[in-house]
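[1] Provide a 3D model corresponding to the input given below.
(2 chains)
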Amino acid sequence: MTKSNLPRLQLHIPEPPSRPGEEVTFAHVNRGEAGAVSRPDIAVHESEVRDLPYKLIRVLDDDNQAVGEWDPKLAPETLIKGLRAMMLTRTFDDRLFRAHRQGKTSFYMKSTGEEAIAAAQSMALDKGDMFFPTYRAMAWLHARNYPLTTLCNQIFSNAEDPLAGKQLPILLSARDYDFYSISGNLGVRFVHAVGWAMASAYKNDTKISLAYVGDGTTAEGDFHEAMTFAAAYRAPTILCVTNNQYAISSFAGFAAPERLPFAAKALAYGFPGIKVDGNDFLAVWGATQWAAERARTNNGPTLIEFYTYRAEGHSTSDDPSAYRPKDEAAHWPLGDPVERLKDHLIALGAWDEEKHAALEAELKDKVKVAVKEAEAIGTLGQSKPPIEEMFEDVFAEKDWRLKEQLRELKARRARREGEGA
Amino acid sequence: MSETKRMNMIQALNSALDVTMERDPDVLVFGEDVGYFGGVFRVTEGLQKKHGLTRCFDAPLTEGGIIGAAIGMGAYGLRPVPEIQFADYILPAYDQLVSEAARLRYRSNGEFCAPVTVRTPYGGGIFGGQTHSQSPEALFAHVTGLKTVIPSNPYDAKGLLIASIECDDPVIFLEPKRLYNGPFYGRPDEELKTWDKSGLATAEVPLGHYEVPLGRAALTREGSEVTVLAYGTMVHVALAGIEESGVDAELIDLRSIVPLDIDAITASVRKTGRCVILHEATRFGGFGGELSALVQERCFDHLRAPIERVAGYDMPYPHAFEWDYFPGPIRLAEALLTAVEYR
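    Numbers count the residues shown, from 1 in each chain, chains lettered A, B, ... in the order given. All right, here's what the predicted structure looks like:
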């Protein structure tokens, strides 16, 4: 039966505000005022803070001053350490991205524009707390002085690769640095972080976990599974959405239609969600501290949306000028995290352009030395771990299949070498 | 050996959990309905009361969440034993099992591992239709990094479950639900014989701790004419089929398909020169294909007949046609005769 008086149905496809060649618009971004959001008690019931996801927590104002209740009031030396970690991340990223273009590695991903988040959290949390990262969180390791040469060895998949050639560049694992193994399947670790936190609570430990997903990954079932579990068992965990506005080329409007704040997703699960300026080192630190105190005192999980912007491509395989205006990054209303912390330190009188330039040169040099050291061991294809490694760690102990396959591979090699000789 | 008791498979599995929880405070059990209620098949009955709320508890209805959380617990250092209520419902957790549990050790170069034992009832014969009857073992056997264990009697069920929990690799522990209360010979009209009344020695279960090692098959019946490879419910169906056929067959109960006891298989087939593979799962791409290939590769010169496969037909589990579909003793008997009569 036709209903001729009704309009025909139309399928809605979300579209970003601007495409290449068009004028950049961030009219939808409501920056709010730095310092305007009040900081609730850590034991607050979520029913009292349901407005928080709709506000943006900021500490650094437009005059480069730290203002408001979320200011963690850090010593200038701590801020300089943070600045250093962020600058090191950026310098390292630039150098290793070039190394990919030179064929020295198969793959690389930069964190440009998002360095404040992992740098501040790495410093704000305790040794032993476990971080379940994404691939855009190398600042965590740089803040804890992970050896650069080792990192290059992993990226070059050479004989000294700490993961022995078993995993893609950047998808690191660094247990001694509280950095959980990264896989390319995006949301899975969110659930692991909750399980890890439950285990810590089960053992009456004091450690908490921290996990990231990107804006796009909130659409995965894993996100909702993790949120459901975290809520049900009040897991001592900090669950973060690093909203950098893009899932490769798809704008965040696919995962959050009508600009719903990702932080608001927490409301449906019954624990607090907060939205934080991810390009504000101090706001990231302050928010993390609040969530960590909640977790450590059995007040349960917190969802934090870090509002940020992916200033460069998704990976070495991506060209963002194909889907967004070329100059969009320059218009991001919340600025650049490195510049903002630098300007704040200068405003405090603890930093100046000369010191900044000197640090930049020092870090460039440090990265250069590390890359050279790793290159001396070998880059992709020139050097790799011993072939036996390929068969290790599939199981705790090799079964007959792996033993036979290793024997077969070795025998073939020996034959071919014999023929060659 | 310690004191023993007649147990059905449910009691034996319960005892395995109880014993390991007693010995190791890092063992915990969770899943849908497993806590206060004790599980829909009662395998976790009494564990919450005895060991405490935090050691045996209920979970939200999210299989991916259950396995994902268990992996995180494993990475912390616990030995979680999650239950998936029916193997038919494990697929939402497949990504967590395949991409995460199975690979965590490898991709982190040994920094992290997931010593998780996933218990789940599987298999047909209970009029459970498509969603309570499937045998998905091939989906797990194909995934390197996972172990897949399938007991066929109470004694093995307890010993294998203890070995699985104490193993540092992730294990899929498939419990043949048709065998929970008694052996099943594939004759649906026959009255159920409970384990207690079965007269079988395998229903005599030690009360204490013991392991049945993973990767070691059991020689259930010695014979000379043909080797039958089976696991789970099909071990009993095989005995019935052998009897039906009158063939002097040797029956090997694989007990775990990963790790696989290749030596037991090859020794037997080299002796008998014939091989019939029996499983409940659908035939095409089933684990029988792998067994058949291995036997052909390793026993070719000893084979006197083509390898036979008896398996479920290639369709979703058909409710009203359960006994037409089920690879019962008559179908096995036919295959045994085909094998021994081959010239």
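
[2] what stretches of chain B score poorly on pLDDT?
    The model of chain B has pLDDT under 70 over residues B:1.

[3] how close does the residue nearest to the spatial centre of it get to B:Ile165?
    In chain B, the residue lying closest to the centroid (CA atoms, centre = their mean) is B:Ile150, at 1.5 Å. Noted for B:Ile150: a distance of 16 Å to B:Ile165, by CB to CB, to the nearest Å. Where you see a C-beta, it was placed from the backbone N, CA and C, and this is true even at glycine.

[4] can you check B:Gly65 too?
    Remark: distance between B:Gly65 and B:Ile165 (CB to CB) = 21 Å.

[5] what about the two, which has more around it?
    Higher neighbour count among B:Gly65 and B:Ile165: B:Gly65, with 29 against 26, using other CB atoms under 10 Å in any protein chain shown.

[6] hang on, the more buried one packs against A:Phe223?
    No. Counting by CB atoms under 8 Å, A:Phe223 is not a contact partner of B:Gly65; they are 10.5 Å apart.

[7] ok, which stretches of the chain are helices?
    Going with chain A. A:76-101, A:115-124, A:139-143, A:148-156, A:188-202, A:221-232, A:281-296, A:337-348, A:353-377, A:400-420 (DSSP state H).

[8] my bad, the chain I had in mind was chain B
    Along chain B, counting by DSSP H, helices occupy B:9-23, B:47-51, B:63-76, B:94-95, B:104-107, B:137-141, B:154-166, B:234-245, B:262-272, B:287-299, B:322-325, B:329-341.

[9] Distance to A:Leu141 added to these, as JSON lines?
    Output for the helices of chain B, formatted as JSON lines (distance: least, CB to CB, whole Å):
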{"stretch": "helix B:9-23", "distance to A:Leu141": "37"}
{"stretch": "helix B:47-51", "distance to A:Leu141": "40"}
{"stretch": "helix B:63-76", "distance to A:Leu141": "18"}
{"stretch": "helix B:94-95", "distance to A:Leu141": "27"}
{"stretch": "helix B:104-107", "distance to A:Leu141": "17"}
{"stretch": "helix B:137-141", "distance to A:Leu141": "35"}
{"stretch": "helix B:154-166", "distance to A:Leu141": "34"}
{"stretch": "helix B:234-245", "distance to A:Leu141": "51"}
{"stretch": "helix B:262-272", "distance to A:Leu141": "43"}
{"stretch": "helix B:287-299", "distance to A:Leu141": "42"}
{"stretch": "helix B:322-325", "distance to A:Leu141": "55"}
{"stretch": "helix B:329-341", "distance to A:Leu141": "58"}
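
[10] Most tightly packed of those helices?
    Ranked by mean neighbour count, the helices of chain B are led by helix B:63-76 with a mean of 30 (mean count of other CB atoms under 10 Å in any protein chain shown).

[11] any residue of it up close to chain A?
    Yes. Using CB under 8 Å from any CB of the partner chain, helix B:63-76 reaches chain A at B:Gly64, B:Gly65, B:Gly68, B:Ala69, B:Ala70, B:Ile71, B:Gly72, B:Met73, B:Gly74, B:Ala75, B:Tyr76.

[12] how about the second one, what does it touch?
    When you say that, I think you mean B:Gly65. Under the criterion of CB atoms under 8 Å, 6 or more residues apart in numbering or on different chains, the neighbours of B:Gly65 are A:Val191, A:Glu225, A:Ala226, A:Thr228, A:Phe229, B:Ala59.

[13] give me that answer again for 6 Å
    B:Gly65 makes contacts with A:Val191, A:Glu225, A:Phe229, as judged by CB atoms under 6 Å, 6 or more residues apart in numbering or on different chains.

[14] What's the per-residue pLDDT of the residue lying closest to it once chain neighbours are set aside here?
    Among residues not flanking B:Gly65 along the chain, A:Glu225 sits closest, at 3.4 Å (CB to CB, 6 or more residues apart in numbering or on different chains). pLDDT, the model's per-residue confidence, is 98 for A:Glu225.

[15] now swap in the one 10 residues further on and tell me
    According to the model's per-residue confidence, A:Ala235 sits at a pLDDT of 98.

[16] next one: phi and psi at it?
    Here is the backbone geometry of A:Ala235 (degrees, to the nearest 10): phi -60, psi 140.

[17] if I read this right, it contacts A:Trp196, doesn't it?
    No. Contact criterion CB atoms under 6 Å: A:Ala235 and A:Trp196 do not qualify, at 8.6 Å.

[18] Just want to know which of the two has more residues nearby.
    Between A:Ala235 and A:Trp196, counted using other CB under 10 Å, A:Trp196 has the larger neighbour count: 32 against 28.

[19] and B:Pro154, what is it in contact with?
    By CB under 6 Å, 6+ apart, the contact set of B:Pro154 is B:Met7, B:Met9, B:Ala12, B:Trp195, B:Ala203, B:Val205.

[20] Touching, the fourth one and B:Ala203? I think so.
    The reference is to B:Trp195. Yes. With contacts counted by CB under 6 Å, B:Trp195 reaches B:Ala203, the gap being 4.0 Å.

[21] domains in the chain, as residue ranges please.
    In the absence of a named chain, chain A is used. Using automatic domain parsing, the domain parsing of chain A gives A:46-377, A:387-420.

[22] try chain B instead
    Split by automatic domain parsing, chain B gives B:4-206, B:218-341.

[23] sorry, back to before: out of the residues of helix B:63-76 next to chain A, flag the one nearest to B:Arg270.
    Of all the residues of helix B:63-76 next to chain A, B:Arg270 sits closest to B:Gly74, with 39.7 Å by CB to CB.

[24] Ignoring the adjacent residues along the chain, who's closest to that closest one?
    Counting by CB to CB, 6+ apart, B:Ala114 is the residue found nearest to B:Gly74 once chain neighbours are left out, at 4.0 Å.

[25] you'd agree the one you found is up against B:Leu104?
    Yes. The criterion here is CB under 6 Å, and B:Ala114 meets it with B:Leu104 at 5.0 Å.

[26] So which bits of chain B are right by chain A?
    Chain B comes close to chain A at residues B:54, B:60, B:62, B:64-65, B:68-69, B:71-73, B:75-76, B:78, B:99-100, B:105-112, B:144-145, B:168-169, B:259, B:262, as judged by CB under 6 Å from any CB of the partner chain.

[27] Alright, that wraps it up for me.
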